[in-house]
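Novice: model the following, please.
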Amino acid sequence: MNVKQRKPRFQGARRTGVRPILFLRSLKMELSALIVIATAIAFLVCWILLKLDLSWWIAMPLTLVVALSFTYTFSRGLTARLRQLRDVAEAMANGDYSVRVPIDDSSHDEVEQLARSFNEMAAELQHADKMRMDMIANVSHELRTPVSALQAQVENMADGVTEPTPANLESILNQTHRLSDLIAFLLDLSRMEAGAASLDIERFNFAEFLDDTIEPLEIADGGHAHIIEMNVPDGIMIEGDQDRLRQLFTNIIGNALKHSPDGTNVLVEAHEDIPHGTVVTNVVNFGSQISPDSRSDIFRRFVRAKTGPGTESGGTGLGLSIARWAAQLHGGTVQVVDDSRGANFEIVLPKYHIVG
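Specialist: Numbering: from 1, shown residues only. The predicted model follows:
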């Protein structure tokens with residue numbers, strides 16, 4: 001039986017060469033020191049050979065050989081890091097994003113700083129590649145589920161197995177809504193990738209805006225018996241793009257509803273931070289907590305929120321990322337803050353839109 005051998009994965013370049021002047025913190029200083037030392041050695045060797053009554057024709061070549069040998073030996077230590085960077089870059093070009101440049105903690109020169117930055121970039125690329133693969137799997141699954149359900153229901157109706165009753169038609173409508181939501185998420189993602197930031201700025205009443213945003217969420221909540229409490233002063237006026245801000249609050253509040261047990265409350269409260277000219281909104285889910293280690297990760301694309309050990313939310317993993325994007329378009333922020341009551345998403349938006 002023929003056994004196909006896999007090519008061993010690149011593990012990083014080996015350390016070669018000697019670096020006798022590691023205490024210097026600059027590559028320029030190391031090169032300067034190497035030149036000075038090589039010149040001094042050449043002068044000393046030449047002086048010794050002439051003292052031994054050797055002719056210039058013999059002393060000079062020997063001096064050059066010694067100086068060049070010294071320079072070559074120790075310069076390899078200086079260029080070894082660049083060779084490691086080259087080898088790792090070639091491995092990454094071949095699709096292996098797990099490779100890293102070995103870090104020398106005893107060195108602090110420019111090449112070592114470049115190696116550390118390179119490793120950070122490699123880690124981000126590895127994460128992006130994993131997220132891309134997860135995206136394909138997630139989107140495929142999210143599309144397949146409603147499409148399969150639609151196909152089965154329509155086929156049953158076409159074959160006369162089921163009747164087109166209002167309940168069956170409503171089920172079909174719900175599946176089409178799922179498809180529409182997913183397509184909207186993907187369109188928003190494409191806008192994020194393209195850096196699209198066109199905003200239709202208008203001034204509006206913030207409490208009325210939130211009330212209009214929450215109403216369809218309450219209807220879609222169905223039989224989960226969630227109660228959305230609003231504690232928002234009526235006089236707050238804010239400038240922004242209502243469509244983008246509706247994406248922001250719909251995703252944040254919808255996320256809170258998704259992670260709240262049936263029959264529990266979700267609190268939406270807001271107040272003006274007059275000294276900073278902002279409006280601060282807190283969406284509190286009383287049913288779960290988000291660990292501090294996960295609070296920044298959940299806003300990354302295709303990362304699904306974990307609300308407890310071994311638990312992971314459904315969905316595409318795009319909602320919170322799109323929410324953060326919408327807030328940033330307005331110069332605002334979204335973050336999870338400490339709250340003993342549950343997961344507390346704090347949204348800070350400027351009251352007035354600043355152009356540019």
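Novice: residue ranges for the helices of the stretch 251-356 of the chain, please.
Specialist: Under the criterion DSSP state H, counting those that start in this stretch, the stretch 251-356 of the chain contains helices at 319-329.
Novice: strands of that one, start to end?
Specialist: 265-273, 278-285, 333-337, 343-350 (DSSP state E, counting those that start in this stretch).
Novice: over to the stretch 101-250 of the chain?
Specialist: Ranges of strands in the stretch 101-250 of the chain, per DSSP E, counting those that start in this stretch, are 202-205, 227-231, 237-240.
Novice: elements contacting the second one?
Specialist: This points to strand 227-231. On a contact count with 3 or more CB pairs under 8 Å, 6 or more residues apart in numbering; DSSP states H and E, strand 227-231 meets helix 206-220, strand 265-273. Where C-beta positions appear, they are placed from N, C-alpha and C, glycine not excepted.
Novice: list the strands paired with that strand, with their directions.
Specialist: strand 265-273 (parallel) (DSSP bridges).
Novice: any idea how far the worst-scoring helix or strand of the chain on mean pLDDT is from the chain center?
Specialist: Within the chain, no helix or strand scores below helix 166-194, which has a mean of 76 by mean pLDDT, DSSP states H and E. In this view, helix 166-194 has its centroid 24 Å away from the chain centroid, taken as CA atoms, centre = their mean, to the nearest Å.
Novice: what do you get for stretch 88-103?
Specialist: Centre-to-centre, stretch 88-103 and its host chain are 19 Å apart (CA atoms, centre = their mean).
Novice: start to end distance for that stretch?
Specialist: 13 Å (CA to CA, to the nearest Å).
Novice: cool, and stretch 151-167?
Specialist: With CA to CA, one end of stretch 151-167 sits 16 Å from the other.
Novice: now do stretch 199-212
Specialist: So stretch 199-212: terminal residues 20 Å apart, CA to CA.
Novice: contacts for that stretch next, please.
Specialist: 230, 232-234, 236-246, 249, 268, 270, 279, 281, 329-330, 353 (CB atoms under 8 Å, 6 or more residues apart in numbering).
Novice: for Val336, see how far away Asn255 is.
Specialist: According to CB to CB, to the nearest Å, Asn255 and Val336 sit 11 Å apart.
Novice: can you check Arg81 too?
Specialist: To Val336, Arg81 is 40 Å away according to CB to CB.
Novice: now the strands of the stretch 251-356 of the chain in TSV, with mean neighbour count?
Specialist: As requested, the strands of the stretch 251-356 of the chain are exported to TSV (neighbours: other CB atoms under 10 Å):
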stretch	mean neighbour count
strand 265-273	18
strand 278-285	21
strand 333-337	16
strand 343-350	21
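Novice: select, out of those strands, the one closest to His226.
Specialist: Set against His226 and scored by CB to CB, these come closest in strand 265-273, at 6.0 Å.
Novice: how many other residues sit next to Ile290?
Specialist: When neighbours are counted by other CB atoms under 10 Å, Ile290 registers 20.
Novice: shouldn't it be in contact with Val336?
Specialist: Yes. Using CB atoms under 8 Å, Ile290 makes contact with Val336 at a distance of 5.3 Å.
Novice: any shared contact partners between the two?
Specialist: Listed as contacting both Ile290 and Val336 by CB under 8 Å, 6+ apart are 298, 343.
Novice: rounded mean pLDDT for the longest helix anywhere in the chain, please.
Specialist: If you go by DSSP state H, the chain has its longest helix at helix 110-158. The average pLDDT for helix 110-158 rounds to 79.
Novice: alright, calling it a day.
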